[in-house]
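Colleague: Structure for this input, please:
(one chain, ligands or ions: 2)
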Amino acid sequence: MQRGKTFIVSGPSGVGKSTVLKALFAQRSDLYFSVSATTRAPREGEVDGTHYHFLTQTEFEEMIGRDEFLEHAQYVGNYYGTPKKYVDAAMEEGRDVILDIEVQGAQQICAKRPETVRIFVGPPSWQELERRLTARGTDTPEKVQQRLQRARVEMQSAEEYDYLVINDQLEQAVEELKAILCAEHCRPADRLDRILE
Ligand code: ADP
Ligand code: 5GP
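Modeller: Ligands and ions are numbered 1, 2, ... in the order given. Model (predicted):
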């Protein structure tokens, strides 16, 4: 059985990462979504253990102390991190793992695991990003501004990524993600052994 691969999905807040991934997972139950830990408060409808593991700052810092994160970062006043153990277990089972994480965390993972595939999700325009972030209605105007400021910096990292998916039409973005997953499994290094055996 081929070991699963890790795919990082990054992009500015409000671009639609969660929405695109939800649509992808509805079609691909074989994929594994890495549930992150965070100290931010749950949004309406978010379920502990499904969307995030919601932790206190002390709990989060204890996990850092026990070296239980593959990566962790601070984002607009809160901690976010990827617990190690589930990611490795899923890959051992042959499942592809999807991480929805911001750019600092992506850089940490790629320094340790350069084979990780990085996908950046960008907006069709800056105005549309601002519109989506505001229309989502989950953040105060002050937090929206902080997230937009952060987005400007994050957009500059897009070039370091392996792929850029533009989330204009949702269905098209999902198709592009599926195409990337498929293409990454067509690399000779991963499949030539099967023929040559
Ligand atoms: P992120 O996870 O990147 O922060 P969300 O998935 O929460 O972003 O999406 C932010 C807002 O944009 C949500 O209100 C969502 O419904 C909307 N949205 C997502 N994708 C699209 C799209 N392709 N077209 C229009 N609105 C979208
Ligand atoms: P949100 O608060 O909108 O859910 O997420 C804010 C940002 O944190 C997003 O860019 C999201 O990709 C990122 N994020 C979510 N989980 C993790 C994680 O485990 N590690 C890192 N580094 N970033 C994360």
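Colleague: how many neighbours does residue 94 have?
Modeller: The burial count assigned to residue 94 is 12, neighbours taken as other Cβ atoms under 10 Å. Using the backbone N, CA and C atoms, a C-beta is placed for each residue, glycine as well.
Colleague: That should have said residue 55, apologies.
Modeller: Here the number of neighbours of residue 55 (other Cβ under 10 Å) works out to 18.
Colleague: Show residues contacting the helix or strand of the chain with the lowest mean pLDDT.
Modeller: For the chain, using mean pLDDT, DSSP states H and E, the weakest element among its helices and strands is helix 188-196, scoring a mean of 87. With contacts defined as Cβ atoms under 8 Å, 6 or more residues apart in numbering, helix 188-196 is touched by 2, 185.
Colleague: Render the CA-only coordinates of it in PDB, please.
Modeller: Extracted as PDB, the C-alpha positions of helix 188-196 are listed here (Å, rounded to 0.1, in the frame of the first residue of the first chain):
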ATOM      1  CA  PRO A 188       7.200   8.300 -11.300                       C
ATOM      2  CA  ALA A 189       9.000   8.100  -8.000                       C
ATOM      3  CA  ASP A 190       5.800   7.000  -6.300                       C
ATOM      4  CA  ARG A 191       4.500   4.400  -8.900                       C
ATOM      5  CA  LEU A 192       7.400   3.100 -11.000                       C
ATOM      6  CA  ASP A 193       8.200   0.500  -8.300                       C
ATOM      7  CA  ARG A 194       4.900  -1.200  -8.900                       C
ATOM      8  CA  ILE A 195       5.700  -1.800 -12.600                       C
ATOM      9  CA  LEU A 196       9.300  -2.700 -12.000                       C
END
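Colleague: Any buried residues in it, and which?
Modeller: When burial is assessed from 16 or more other Cβ atoms under 10 Å, helix 188-196 yields no buried residues.
Colleague: again, but for stretch 1-21
Modeller: Buried residues in stretch 1-21, counted by 16+ other Cβ under 10 Å: 4-17, 19-21.
Colleague: Take these and keep only those in strands.
Modeller: Of the buried residues of stretch 1-21, the ones assigned to strands by DSSP state E are 6, 7, 8, 9, 10.
Colleague: Who's the closest spatial neighbour of the one residue in the chain that gets nearest to ligand 1, skipping the chain neighbours?
Modeller: Closest to ligand 1 within the chain is residue 16: 2.8 Å, counting by Cβ to the nearest ligand atom. Counting by Cβ to Cβ, 6 or more residues apart in numbering, residue 16 lies nearest to residue 167, which is 4.3 Å off, once chain neighbours are set aside.
Colleague: That neighbour and residue 121 touch, don't they?
Modeller: Yes. With contact defined as Cβ atoms under 8 Å, residue 167 counts as touching residue 121 (5.4 Å).
Colleague: Please identify every residue contacting each of these two.
Modeller: 11, 15, 16, 20, 173.
Colleague: Write out the residues of the chain neighbouring ligand 2.
Modeller: 13, 36, 40, 71, 73, 75, 80-82, 100-102, 104-105 (Cβ under 6 Å from any ligand atom).
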